[in-house]
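Participant: Curious how this folds, go ahead:
(3 chains)
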Amino acid sequence: MAKYILKRIVISLATLLVLITAVFFLVRLMPGDPFASEKMPPDVKANLEAYYGLDKPLIVQYFTYMGQLLKGNMGYSMVYSNKTVNDIIAATFPYSADLGIRALTFAVCFGISLGIVAALRRGKPLDYGCILIAIVGTSVPDFIMGSLLQYFFGVQMKLLPVAQYTTWKHTILPSIAVGFYSLASISRYMRTSMLEVISQDYIKTAKSKGISNFRITWKHQIRNAIMPVVTMMGPLVASVLTGTFVIEAMFVVPGMGKYYVESISTYDYTIVLGITVFYGAFLVICNTVVDILYGFIDPRIKIAK
Amino acid sequence: MLKRLLALALAGALALSMVACGTPAAPAPEGGESEGPKTTFKYSELSEVPTLDPQLANSVPSNTAILHIQEPLVRMYNGVLEPGAAESWEISEDGLTYTFHLRDMTWSDGQPVTAGDFEYGIKRLVDPNTASPYGWFACYIKNGSPCNSGELPLEELGVKAIDDKTLEITLEYVADYFLQVVSNACYVATRQDLVEQYGQDFAATAEKNAYTGPFVVKEVKTGDRLILAKNPNYWNADQTKLEEVEIIVVANANTAVDMYNAGDLDYVQVPSDLKDLYADQISEFFDGSNDFLRVKQDDPNVPTHNKDLRLAINYAINRAEFITLTSNDVYAANPRYVLPQVAGVNKTYGEEYPYEAYPVNGDADKAKEHLDAALAALGCAASDITIELLTTDTESSKKQAEVLQQQIQSVLGINITIKQVPYKDRLKMESERDFELVFTGWAPDYSDPYTYLELQIADAYYNYGGYNLDFDGNVIENEFDKYMEFAATTSDKQARMDALFAAEKQMLEDGAVVPLLLRRVLYMKNENLEGLALYFLGARIDFTRAYWAE
Amino acid sequence: MSEQVISKEKFAVVGKSKENMESISRPTLTFWQEAWRRIKKNKVAFFSLMLIALYVLLAIFAPMVSQYGHAEISVEFRNAGPSAAHWLGCDHLGRDIWTRIWMGARVSLTIGLAAAVINLCIGALIGGISGYYGGKLDMFIMRLIDVLYGIPSLIITILVMVALNKTGMITLIIAMVIVGWIGVARMARGQVLQLKEQDFVAAAKVMGVPDFQIIVKHLLPNLIGYFITSMTMAIPGAIFQEAFLSYIGLGITPPDCSWGVIAKEGIAMMRVAPHEVIVPAFFICTTMLAFNLLGDGLRDAFDPKLRGTE
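Facilitator: Residues are numbered from 1 along each chain as shown, chains lettered A, B, ... in the order given. Got it, this is the predicted structure:
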């Protein structure tokens, strides 16, 4: 196992290197210009390009960047000119991560429970209720869901704060808004997966052996059915933790989402790269963990040796 | 029944286990709401202040914040110039030399403010190694442009500290508006020792800068807010009534209004769609933005090289209806090019030279007359003409483009296609002259018609549409340039203004642009908050003298 | 109490026949016949199918017979509520929402379905291969997926637009597919990893069925439940992604519209003219509901494990 984990980590690092290289060159292929502005004569632009080293050959820029990256220095933003990418991530990631963890906790608890309940009560009103929640959750996009939550609970009923991210009360609405889609998809997958498992022979075998319903559900059904959900958790965790632009903007959460989206449309190369590196590293770690978890959770899988 | 109980138990167990291992400590909540007489002021900006470094600033939020923490030589308050760091100044007979006499004042860390600090600030703005995006703003100063491009050494720049209290600036050409130029953020005093100590981190956090203005930076919270506190060392500290100001980033305009209603903000801008909901609380001001279409004129493949077609488009647009549909009548239809609020000789330019180049309700008959002339010259039918309208990828730009498309198509029968691209792409395509019609705008740098009209001088860098250029890019002999040349050299103020007006009339008769609208900002503020100044130049929102009424 | 006697004449020897011994008594149905038969029995699924068919028909014909153009603006009817003249009211530019909804349905239904189906095919195949062969190939494909997943999808879509140098539905679908198949592939791979250890795969191997056939004919059909679930969830995703992409100039160009675009325009007017967001939301939600319930029915109809069990 230790050897497998080590090998997995080495491969992860290689993946990350490929990712950074790909993004570095892809970003430069885009048609934009980070310094475009209403009032930008060519001389001024030349000064800026020289300052950020954009006038050098691309390959030189690449090695300069990689050299700096090895030292942990991701460079200064081209829009927020006094801030380094490191500063921005350090300041905003905790908020995105906090919101993400709350949203995921909410989504996983209720999503898995709903899926299980729906599957066990298949075809009953409870099941249709769960399906309805899942459908609303997946077909109402976050910007509408967020607006509605904010409008009804914050503005109309005044039950919860409208925006900002300070006390635990402030975290409730954005967490639900972010987590609802995940909740819905988790519950859908969980239900489908449970239904598959319920009809398997080993469940019948277990039943015929006289094992209690609780034990069957807990030990045999859920443990087997949770696999597809675990698969989707890797990317889900990474994307939710690194921030959701629309909800963060709507609820005034000072998270990373804004920089992630904004930097692409403003061609702020250093931020795009920095956040991609960070996000990529996160993703690779999550997937590695998921892969390793597979081995622990699912008795049937033998990971490639 | 048993099954249901089981399911519930399971759900509970799962929930518990998740809670047990999740939820780390939230970032420490901050909310110091103190009781007593109110001395704080909170408002929201749609975007974050990109930088507090005066010479690197090139946006309205940066300019606004910096003008509150640093003292310019001359301060503009509600459109009126007042002595700032300079107690007094003299302008030489020829209008080319400005001598500023500084008052006794100190930085927030106790050091005296010297003329050398101002000289350093201006030179830093021009220095190509600073790579200031606003470096061109020193073009009025002698050798400003060649120093900025590195052709001349910085020593050649026309800025000199005669002694600790006297600063002398020599201009490249006569510019009556130069005092307005120095009231901008990028001309403030800057501390050489701090810049050298912190490098690019200068002004990144509260400690990495020193302040001369009514406020100091208390905290910079990246992506969240900027907190300012009263500067007790400010030369006019008695005037500052607010103890603390929070500028909160609220990217979603509707959320900002909700926060205002919940009492989280004292001032908020209201999106035009919500105008009717808050009609009784809303006030408004022009923020100086003037939106118009640039038209490609120097390309034989783009039919708008034909003057009649450009005029046909101008007459086809019903600007009043356009404003109603796209902004709920918040913006004002603009039948001319120059912002009428800029200064004329004695009153505003708009009052001295009223003008309506194209009727605000459009004129379909005149439009068709011009169209017929255009079709005859181009030798094609209206339906053969297709023009692409380039615009930004925002909701409001889309609305505006859709209305223009419908209006032009229904009156003229030509085809308009819409191309939406991200803001920076639009700017890039515009400056590379890669467009046919582009929805654009211009905010004034100083209060004078020249700031708009200079964009249309044939060989100006900003003449993206190619007005008065032939198909090879050569300048055509024309009246407009002559008026502009006269205005730039004369010292007779009335004659100068007459020439500028003649130039504006000329370019509109040539259909050089398609003027559309002047932006008005709707806002709500707490009724007890007084002394807030909102103006279309400088700090758009000025709270240096704001206070809470009892 | 008389005894019933069955006369011997009623019986006859039919003799042995090789064909009859092996024949199956139920009528042989193809996969699709069987599925259709079962769909018809499922009332909820059948009703859903009919609703989708109705929407498709309206999308084709409603704009043709409407007296208003989908781009026709009017100051007078700006934000007007539903009336006899405008059945579903008008939007912020005074355009008839009924007409716009069905113009938008053309775009949204096409893109939603096309993107979801193509994503599914590509993703299932790649995921299936990756999971089935395992080892180095699996490792390679999964890491490739990690890299693709890590590149911001916005960058990829912008580059697709630049590479194809035009906008429109095809560009939009390509851009959505390039990153869209990844989720399905991960899911399929995870499931195949589990399934390939099962006996029926071993049996097929022993009988010499080629690998590719095992993947396509034996493994993937077992995942039909997941695929349908993920597809029904991918359709609304695609509809809203399209709205977003249309904003960065990649999708359909104004004044054309789609449901996502109409909803996005409407949400800004929520407080002033709520019908502008309620109407598109209603059509999006009912479509999704129909697709989901149909999906549930299809799941049962297509699942090989449930075949013939009634």
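Participant: So which residues of the chain form helices?
Facilitator: You didn't pick a chain, so chain A it is. Taking DSSP state H, the helices of chain A run over residues A:2-29, A:42-51, A:58-70, A:85-120, A:125-139, A:142-149, A:168-198, A:201-208, A:213-215, A:223-225, A:227-241, A:245-250, A:257-265, A:269-297.
Participant: I was thinking of chain C, sorry if that wasn't clear
Facilitator: C:18-22, C:31-41, C:43-65, C:97-133, C:135-150, C:153-164, C:169-195, C:199-206, C:211-213, C:224-247, C:259-268, C:275-302.
Participant: Check those for me: which has the lowest mean pLDDT.
Facilitator: Ranked by mean pLDDT, the helices of chain C end with helix C:18-22 at the bottom, a mean of 59.
Participant: Tell me the pLDDT of the most centrally placed residue in chain B.
Facilitator: Centre of chain B computed as the mean C-alpha position; nearest residue by Cα atoms, centre = their mean is B:Ala443, 4.6 Å away. Reported pLDDT at B:Ala443 in the predicted model: 86.
Participant: related to what we said a few turns ago, of all the helices of chain A, which lies closest to B:Thr205?
Facilitator: Ranking the helices of chain A by proximity to B:Thr205 (Cβ to Cβ) places helix A:85-120 first, at 9.0 Å. All C-beta atoms are positioned from the backbone trio N, CA, C, and that covers glycine.
Participant: touching chain C at all, the closest one?
Facilitator: No: judged by Cβ under 8 Å from any Cβ of the partner chain, helix A:85-120 and chain C are separated, with a smallest distance of 10.7 Å.
Participant: Can you list the buried residues in that helix?
Facilitator: Using 16 or more other Cβ atoms under 10 Å in any protein chain shown as the test for burial, helix A:85-120 gives A:85, A:87-89, A:91-120.
Participant: thinking again about what came up before, got a markdown table for the helices of chain C, with distance to chain A and mean neighbour count too?
Facilitator: Listed next are the helices of chain C as a markdown table, based on distance: least, Cβ to the nearest Cβ, whole Å; neighbours: other Cβ atoms under 10 Å in any protein chain shown:
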| stretch | distance to chain A | mean neighbour count |
| --- | --- | --- |
| helix C:18-22 | 26 | 7 |
| helix C:31-41 | 14 | 14 |
| helix C:43-65 | 9 | 15 |
| helix C:97-133 | 9 | 22 |
| helix C:135-150 | 4 | 18 |
| helix C:153-164 | 5 | 18 |
| helix C:169-195 | 4 | 22 |
| helix C:199-206 | 10 | 13 |
| helix C:211-213 | 16 | 12 |
| helix C:224-247 | 4 | 24 |
| helix C:259-268 | 6 | 24 |
| helix C:275-302 | 4 | 22 |
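Participant: Chain B: which of these is closest?
Facilitator: helix C:224-247 (5.1 Å; Cβ to the nearest Cβ).
Participant: elements contacting that closest one?
Facilitator: With contacts defined as 3 or more Cβ pairs under 8 Å, 6 or more residues apart in numbering or on different chains; DSSP states H and E, helix C:224-247 has these neighbours: helix A:125-139, helix A:168-198, helix C:97-133, helix C:169-195, helix C:259-268, helix C:275-302.
Participant: Could you export these to a markdown table, including columns for distance to chain B?
Facilitator: Shown next, in a markdown table, are the helices and strands packed on helix C:224-247 (distance: least, Cβ to the nearest Cβ, whole Å):
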| stretch | distance to chain B |
| --- | --- |
| helix A:125-139 | 8 |
| helix A:168-198 | 7 |
| helix C:97-133 | 12 |
| helix C:169-195 | 14 |
| helix C:259-268 | 6 |
| helix C:275-302 | 10 |
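Participant: Mind putting those helices into TSV with distance to A:Gly210?
Facilitator: As requested, the helices and strands packed on helix C:224-247 are arranged in TSV below (distance: least, Cβ to Cβ, whole Å):
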stretch	distance to A:Gly210
helix A:125-139	27
helix A:168-198	18
helix C:97-133	35
helix C:169-195	27
helix C:259-268	54
helix C:275-302	30
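Participant: closest one to B:Pro112 among the ones you listed?
Facilitator: helix A:168-198 (45.2 Å).
Participant: Any buried residues in the closest one, and which?
Facilitator: Within helix A:168-198, the residues that count as buried by 16+ other Cβ under 10 Å are A:170-198.
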